[in-house]
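A.B. asks: sequence below, structure please.
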Amino acid sequence: MRLISAEEVFQLLPMPDAIALMREAFMTISTASASLAHRQALPMTSGTGLLMGAAKEGLGLGCKLVAIAPGNRARGLPGSIGLVVLLDDQTGAPLALIDGTSLTSLRTAALNGFATDLLARRNARRALLVGCGTQAAAQAEALVVVRDLEELRVLGRDPVRARAFAEQVGDRLQVPVRLTSDLAEALDSVELITAATNALEPVVPGSHIPAGCHVSGIGSFRPDMREFDEVLLGKAGIFVESRETALSEAGELIAADRDGVTRAGDWAEIGEVIAGSRRGRTNAEQITFFKSVGHSVFDLYTARALYDAAMANGAGQEWMP
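C.D. replies: Just a heads-up that it's a prediction; the model follows:
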């Protein structure tokens, strides 16, 4: 069995390759061609535990255990920590044990990068990233990969942390980064918005989002959480990884469906857009909204790609329990 560290995750699967990998993963979700263990949320005194898994012939059986601990920021630790185990789907032999924090960051950024590339206007150049937590750096990288950004705006609750993040990302990605605490300034002529927060209440008012903007909500993952309001959902074209998981876990979409603001049957899965059975963006003025709550199929595809790359490059540490 290969032990694959956090540092090796990003070395073995560069962001452009991870984004390309998500196409087949989205298709697998929409064609129901993988076996799934639906995500279980386990309340903890410090936050939420999550357990999920998927299996597909030729890829393997992947299981992920994650702890979401909001108090970790004060401890100097990521807010999301976990492990991913990959087993051979024919023999059950353990193939890999992978750092789940970095894998989750990589695959979440990659799937959002793919959805953004599919739905955003081709000439989008100004992006806003809301949130500076565990997911943010990878999300910024994915946006830079899919669009030639003139400016990346960063909006965070903690000014000190946001400033450090903006400096780090700007230097590493070679993109102009503007740190802002003013929402009106952040939204002025913005063309891409990605929110990666654990917000319980909407963080960006839908009434202020410009026409033609593409919006992604990738942080909230429980029915009681929401990053965007019903004003946005009432006027946007809505896209999801899976209608089933969105209806059970995406707080803003669950509420909007209940309130009659939008109907689940009108939401398009990204895999359906790829296949051509549903339309993507319909015109330059349309606001598009992609909601992700995470899906075990993405973990499985990413884990398999990392294992294959580790074996091909002699990376990772060989270990047997």
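
A.B. asks: give the buried residues for the helix or strand of the chain with the lowest mean pLDDT.
C.D. replies: Here the helix or strand of the chain ranked lowest by mean pLDDT, DSSP states H and E is helix 72-75, holding a mean of 80. Buried residues in helix 72-75, defined by neighbour count with 16 or more other CB atoms under 10 Å: Asn72. All C-beta spots, glycine's among them, are computed from the backbone N, C-alpha and C.

A.B. asks: do stretch 289-297 as well
C.D. replies: Phe289, Phe290, Lys291, Ser292, Val293, Gly294, His295, Ser296, Val297.

A.B. asks: could I get the pLDDT score of the fourth one?
C.D. replies: Meaning Ser292. The per-residue pLDDT reported for Ser292 equals 94.

A.B. asks: give me the number of residues near the closest residue to it other than its chain neighbours?
C.D. replies: Excluding its sequence neighbours, the residue lying closest to Ser292 (CB to CB, 6 or more residues apart in numbering) is Ile218, at 4.7 Å. A count of nearby residues for Ile218, using other CB atoms under 10 Å, gives 23.

A.B. asks: which phi and psi does Ile218 have?
C.D. replies: Dihedral angles of Ile218 (phi, psi; degrees, to the nearest 10) stand at phi -120, psi 10.

A.B. asks: and the gap between it and Leu103?
C.D. replies: As judged by CB to CB, to the nearest Å, Ile218 and Leu103 stand 15 Å apart.

A.B. asks: quick check: next helix or strand after the least confident helix or strand of the chain?
C.D. replies: strand 80-87 (DSSP states H and E).

A.B. asks: hmm, who's touching that next one?
C.D. replies: Strand 80-87 has contacts (CB atoms under 8 Å, 6 or more residues apart in numbering) with 50, 60-69, 72, 93-101, 103-104, 134-135, 299-300, 303-304, 307.

A.B. asks: which ones are touching the residue nearest to Ser292?
C.D. replies: Contacts of Ile218 (CB under 8 Å, 6+ apart): Thr108, Asn112, Gln135, Gln139, Thr194, Ala195, Ala196, Lys291, Ser292.

A.B. asks: with Gln317 instead?
C.D. replies: By CB under 8 Å, 6+ apart, the contact set of Gln317 is Arg2, Leu3.

A.B. asks: for it, grab phi and psi.
C.D. replies: phi -110, psi 130.

A.B. asks: give me the residues contacting stretch 115-128.
C.D. replies: Contacts for stretch 115-128 (CB under 8 Å, 6+ apart): 19, 142-143, 146-155, 186-187, 189-194, 212, 214, 216, 239, 270, 273-274, 280-281, 284, 288, 290, 292.

A.B. asks: ramachandran coordinates for the residue nearest the centre of the chain?
C.D. replies: Geometric centre of the chain, nearest residue: Thr108, 2.9 Å, by CA atoms, centre = their mean. Main-chain dihedrals, Thr108, degrees, to the nearest 10: phi -70, psi -40.

A.B. asks: and it, how far from Gly217?
C.D. replies: 12 Å.

A.B. asks: and what of Gly71?
C.D. replies: According to CB to CB, Gly71 stands 23 Å off from Gly217.

A.B. asks: more neighbours: which of the two?
C.D. replies: Taking neighbours as other CB under 10 Å, Gly71 and Gly217 compare with Gly217 leading, 30 against 11.

A.B. asks: who touches that one in this structure?
C.D. replies: Ala195, Glu227, Phe228, Ala250, Glu252, Phe289, Phe290, Lys291, Ser292.

A.B. asks: of these, closest to Ala264?
C.D. replies: The closest of these to Ala264 turns out to be Ala250 (CB to CB; 10.1 Å).

A.B. asks: I'd assumed Gly294 was in contact with the closest one.
C.D. replies: No: at 10.3 Å, Ala250 does not count as touching Gly294 under the criterion of CB atoms under 8 Å.
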